[in-house]
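J.: Build the 3D model from these lines:
(chains A and B)
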Amino acid sequence: MKKLAELYEDEIQVILAKYPDEQKRSAVMPLLYLAQRASGRISQEAMQEIAEILDIAITDVASIVGFYSLFHEEPGGRYRIQVCTDLPCALRGADAFLRQLCDLLGVEVGETTADGLFTIEEVKCLAACHRAPVFQVQNGDGLEYHENQTIDTARLVIDELRLRAQKPPGGAA
Amino acid sequence: MITITVGTATCGVSAGADKVLETLSSLVQEKGQGKVVLAETGCMGMCYKEVLVEVSNGDGKFLYGDVTPDIAKRIFEEHVLGGRPIEELVILHNYQEGPEEGYLKRQRRIALRNCGFVDPMSIDDYLARDGYKAIEKVLKTMSQDELIEEILSSGLRGRGGAGFPTGMKWRFARQQPGSEKYVICNADEGDPGAFMDRSILEGDPHSVLEGMMIAGYAIGARNGVIYCRAEYPKAIVRLRQAISDATAAGWLDHTFPGTDFSFHIKIKEGAGAFVCGEETALIASIEGRRGTPRPRPPYPAVRGLWGKPTIINNVETFANVPWIVLNGHEAFASVGTPKSKGTKVFAVTGKINRGGLVEVPMGISINEIIYDICGGIKDNKKFKAVQMGGPSGGCIPASMGDTKIDYEEITQTGAIMGSGGMVVMDESTCMVEMARFFLEFTQNESCGKCTSCRIGTLRMLEILERIVEGKGEAGDIDVLLELGNQIKSTAQCGLGQTAANPVLTTLKYFREEYEAHIHNKKCPAHSCALLVNYVIDPEKCTGCTVCAKNCPVNAISGERKKTHFIDQAVCIKCGKCITVCNFDAIYKD
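T.: Okay, the predicted model is just below:
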């Protein structure tokens, strides 16, 4: 796999420029996001590289990765479908929705579909409590929200993601 | 000129605002050039009616709710071009009359003064509504101490939950020696049931920036950091834009003439850790360490970011600051109760007719919010309780609905004001299950540093899980109380200290529900799946056989046209029969 420094030379410089040398460590989270953008997860190699860039131990980097729920070490699907199942959402039927979604994709929470496209995850509050069921789709580029969902509207979203996955990035054939 | 405004905060977009905007934009291009302006705005609070579209012309302002691309087309043809408002679809006229008038009538908008009125991506819109006038006034006419005195006299208290007087926090930081100090905006909102901060950041980012600048001047800081949840991508985009516009316009990164004050703001994205909303954990996270809390004192005002004096205020707190500076502390203090001044924004969710954001004067009662503003309980069910303050807060039963919105009065009930989540529950909500939900949340989010929080909440959760499954044992309640009180007194940070509150308050007000689960293996709300028996009412059953045909485990038997019967030993409590019965003949016992 290519090194981050080759893939994102400019971005890395922009991130590091935000912090004075003695506060360099602060850049660890932005760099981890960068690493995740490349492959949807953060590998040991990427952690090692980030540790070297920031002059800290790889265990320090790993401890950050392990601490935050939006950093993933395990490879997952191209799209992580994250359903909120907190109380306000449950009051609006999020549990039943999650069940139906699992049935639709044929996987359980935490699993990835055979085609490698979707992983279903449960997450904590997405601040759309009054418009639940709600899920966000996380991929390398960021997050998108889908509120007031039923299994039928979710099916449309999933179909659209499938289509999107067929198109290579940048529109090239 | 006619203006069409579309609400494009996250609540609007996820309801389809993008498509409505697209439709309107091509119509304006095609038929409205030169006479129609299309604009975007943030959350108006009426999230339950999104997508919202406002048409403003010589006849006033007409707000439409539940707009789809088709309705948008009609609005454009009939109202914008034809001049005839579509009466049956207008929900509010000039913010005063219409089917939704009750929603705004009792509200008082200070923190949300611009949300839904300005285009958040336009600094000109903000400037047109007295934007950056407060920082100008401060720099031209007030000393640091006068400013702090002004905030102190206004009575503003931290809107993030704890309610510490904002001016006092500023004074501590101001008194610290040294020239390197920091202002942090805590935008790591994460309580289940709270989305006030997201709406302010998405709807009026400049007011937060201005509030931070004013705080910076007060304590002598030149740098600010906004710590924002990564789960709020739209808020981050709008903040970035606002910072870049404010910089270009000479408000940020610019030394003001006649002063040595300039202010720089950075955004730091979190990565999904609830505990980072705790101020010392937040600082650790910014510094690139694990976001775990440390004991206080020293408080951040003395030793904060990079060891320097730092104040940390919540988004809503900052949004109030420019208003106070411009309108004076008396105006702010004239709203509210003796000890709780101004307004508070609440996110009202759960079993409520109008779910969304409301900003109310302190001193209003819970009942007034639920009934007068939010239109009462959904489906005409009975109001049972409201959970205030999310997982750190507690429940207030319907019988105490007269409780006033006031820091001290709410604390007395065992709940807390919190950041503003109000989860409304009706008679069908099981209070044990509710407590289990919140405990599962805190258990999950416990950073693991303190044993009592890490292990104590897990043990409590296990007990609650047993109780809702009908495996509760005599003595469980005593253990819950003991564990809850121990965690409260031994955990290091606010998350741990308050983790047991949902359990302790439900035990205080709904102890009989716990007892029914434990001793009678019954859920009085008929909500806990394993404790519910589905029973067929012989009076109503027509023997149509639909239930029997739909039962996945063949637990229902009976001859055609004769009363059917559910075998409880076989029933898996899936509830399918109740949804397919056409005669209301099946009930939960």
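
J.: Only C-alpha atoms from now on, for both contacts and neighbour counts.
T.: Noted.

J.: Okay, and the residue in chain B that chain A sits nearest to sits in which element?
T.: In chain B, the residue found nearest to chain A is B:Gly288; the distance is 4.1 Å by CA to the nearest CA. In this assignment (DSSP states H and E), B:Gly288 forms part of neither any helix nor any strand.

J.: Next, the contact list for the closest residue to it other than its chain neighbours, please.
T.: When the adjacent residues along the chain are set aside, B:Gly288 lies closest to A:Ser26, with 4.1 Å between them (CA to CA, 6 or more residues apart in numbering or on different chains). A:Ser26 is in contact with A:Tyr19, B:Ile286, B:Glu287, B:Gly288, B:Arg289, counting by CA atoms under 8 Å, 6 or more residues apart in numbering or on different chains.

J.: Helices along chain A, start to end?
T.: Taking DSSP state H, the helices of chain A run over residues A:4-7, A:9-17, A:28-39, A:44-54, A:58-67, A:87-90, A:94-105, A:151-166.

J.: can you list those in TSV and add mean neighbour count, distance to B:Asn380 and mean pLDDT?
T.: Formatted as TSV, the helices of chain A follow (neighbours: other CA atoms under 10 Å in any protein chain shown; distance: least, CA to CA, whole Å; pLDDT from 0 to 100):
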stretch	mean neighbour count	distance to B:Asn380	mean pLDDT
helix A:4-7	14	58	91
helix A:9-17	14	54	94
helix A:28-39	21	47	91
helix A:44-54	18	55	96
helix A:58-67	18	44	95
helix A:87-90	27	19	90
helix A:94-105	18	22	95
helix A:151-166	13	26	94
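
J.: Which segments of chain B make up each domain?
T.: Using automatic domain parsing, the domain parsing of chain B gives B:2-100, B:123-333, B:343-426, B:431-520, B:533-588.

J.: nearest to A:Ile42, of the ones you listed?
T.: A:Ile42 lies closest to domain B:123-333 among those, at 13.4 Å (CA to CA).

J.: Helix or strand with the lowest mean pLDDT in chain B?
T.: Using mean pLDDT, DSSP states H and E, the weakest-scoring helix or strand in chain B turns out to be helix B:10-14, at a mean of 82.

J.: Can you give the domain ranges for chain A?
T.: For chain A, automatic domain parsing gives the domain ranges A:4-67, A:79-166.

J.: State the pLDDT value of whichever residue of chain A sits closest to chain B.
T.: Using CA to the nearest CA, A:Ser26 is the residue of chain A that sits closest to chain B, at 4.1 Å. Looking at A:Ser26, its pLDDT is 95.

J.: before we move on, back to that, export the domains of chain B as TSV, with columns for mean neighbour count and distance to A:Gln166.
T.: Below are the domains of chain B laid out as TSV (neighbours: other CA atoms under 10 Å in any protein chain shown; distance: least, CA to CA, whole Å):
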stretch	mean neighbour count	distance to A:Gln166
domain B:2-100	19	23
domain B:123-333	22	25
domain B:343-426	23	38
domain B:431-520	20	36
domain B:533-588	16	38
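
J.: Let me know the secondary structure of B:Leu38.
T.: strand (DSSP: H, G, I helix; E, B strand; the rest coil).

J.: If we ignore the residues flanking it in sequence, what's nearest it?
T.: B:Ile4 (4.9 Å).

J.: Assign a three-state SS to B:Ser199, would you?
T.: Under three-state DSSP, B:Ser199 comes out as helix.

J.: One more: B:Arg354?
T.: Going by three-state DSSP: B:Arg354 is coil.

J.: got the residues of chain A near chain B?
T.: A:23, A:25-30, A:60, A:63-64, A:67-71, A:86-89, A:91-92, A:124-131, A:142-148 (CA under 8 Å from any CA of the partner chain).

J.: hang on, the earlier thing: which one of the helices of chain A lies closest to B:Phe263?
T.: Nearest of the helices of chain A to B:Phe263, taken as CA to CA: helix A:9-17 at 18.0 Å.

J.: Show me what the closest one is packed against.
T.: helix A:28-39 (3 or more CA pairs under 8 Å, 6 or more residues apart in numbering or on different chains; DSSP states H and E).

J.: contacts for the helix it packs on?
T.: With CA under 8 Å, 6+ apart as the criterion, helix A:28-39 contacts A:4, A:8, A:12, A:15, A:41-42, A:46-47, A:50, A:54, A:61, A:64-65, A:71-72, A:139-141, B:269-271, B:288.

J.: per-residue pLDDT, the residue of chain A most remote from its centre?
T.: Distance to the chain centre peaks in chain A at A:Glu22, reaching 29.7 Å (criterion: CA atoms, centre = their mean). For A:Glu22, the model assigns a pLDDT of 90.

J.: Tell me how far it lies from B:Lys308.
T.: 14 Å (CA to CA, to the nearest Å).

J.: residues contacting the residue nearest to B:Leu38?
T.: Residues in contact with B:Ile4 (CA under 8 Å, 6+ apart) are B:Val36, B:Val37, B:Leu38, B:Ala39, B:Val53, B:Glu54, B:Val55, B:Ser56.

J.: Many thanks, have a good one.
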